[in-house]
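Student: coordinates for the following, if possible.
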Amino acid sequence: MANQKIECHDSTLSIRQLDPDTDVDDLMVWASDDEVTKFCSWDTYTCRDQAIEYINNFVLNHPYYRVVCLNNKAIGAISVTSNKGRDKCRGEMGYVLASQYWGRGIATKAVKMVVSTIFEEQPELERVEALVDVDNKGSQKVLEKVGFLKEGVLKKYCIQKGKICDMVMFSLLSSDVRLL
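Tutor: You can find the predicted model right below:
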């Protein structure tokens, strides 16, 4: 995927691959923030070595992990994880944004940028879904603004950070993108 860019007031919002040499400190901004990681499946990072390990063991091997950038500075990340085997027609989207950028519409624009191309880049996908904690109202609003359909609440769906969580399932179909 080529870098995607849009003008965002006086700034340029873009999506690009993570550069392990230059983005690790930016990643630490959101990964070490308890407010950001509150609804994430992973724990808050406490040292730079955790970020380096994550980049080396997960990000660099991931088929679709991108950083969300403002003026080319990484301020968050977005990924689409495709399933294998018989469920390869669907992928799960996840995203995270540094808390200082919340409430500006950046996450919404980033998700729109990804869904505008993901079905072309991965033509086997017919569906992108996102699972969101029922208490994560901000993330639910992002998905609704982009056009994801709220399918329902999955009760006691998973355990995150030692707590059993209800999750909201959202989806966007390849046929829905044409309507956006």
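Student: per-residue confidence for Met28?
Tutor: Met28 carries a pLDDT score of 96 in this model.
Student: list the contacts for it?
Tutor: For Met28, the set of contacting residues under the criterion of C-beta atoms under 8 Å, 6 or more residues apart in numbering consists of 45, 48, 51. (C-beta placed from N, C-alpha, C; glycine too.)
Student: secondary structure element for the last one, which one?
Tutor: To tie it back to what came earlier, the one meant is Ala51. Counting by DSSP states H and E, the element that carries Ala51 is helix 48-57.
Student: ok, back up a step: give me the buried entries from the contacts of Met28.
Tutor: With neighbours counted by 16 or more other C-beta atoms under 10 Å, those contain buried members at 45, 51.
Student: columns pLDDT on top of the contacts of Met28, output as a markdown table?
Tutor: Formatted as a markdown table, the entries for the contacts of Met28 read as follows, by pLDDT from 0 to 100:
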| residue | pLDDT |
| --- | --- |
| Tyr45 | 95 |
| Arg48 | 94 |
| Ala51 | 94 |
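Student: would you reformat the contacts of Met28 as JSON lines and include distance to Leu172?
Tutor: Formatted as JSON lines, the entries for those read as follows, by distance: C-beta to C-beta, whole Å:
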{"residue": "Tyr45", "distance to Leu172": "30"}
{"residue": "Arg48", "distance to Leu172": "35"}
{"residue": "Ala51", "distance to Leu172": "30"}
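Student: what does the helix holding Ala51 contact?
Tutor: Where contact means C-beta under 8 Å, 6+ apart, the residues beyond helix 48-57 that reach it are 18, 20, 23-25, 27-28, 31, 45.
Student: give me the buried positions along that helix.
Tutor: Buried residues in helix 48-57, counted by 16+ other C-beta under 10 Å: 50-51, 54-55.
Student: repeat that for stretch 150-165.
Tutor: When neighbours are counted by 16+ other C-beta under 10 Å, the buried residues of stretch 150-165 are found to be 157, 160, 165.
Student: what about it, average pLDDT?
Tutor: If you average the pLDDT values across stretch 150-165, you get 95.
Student: tell me what the helix or strand containing Val115 is packed against?
Tutor: With elements taken from DSSP H and E, the one containing Val115 is helix 106-121. Under the contact criterion of 3 or more C-beta pairs under 8 Å, 6 or more residues apart in numbering; DSSP states H and E, helix 106-121 touches strand 4-8, strand 11-17, strand 65-70, strand 73-82, strand 90-97, strand 127-133, helix 137-146, helix 174-177.
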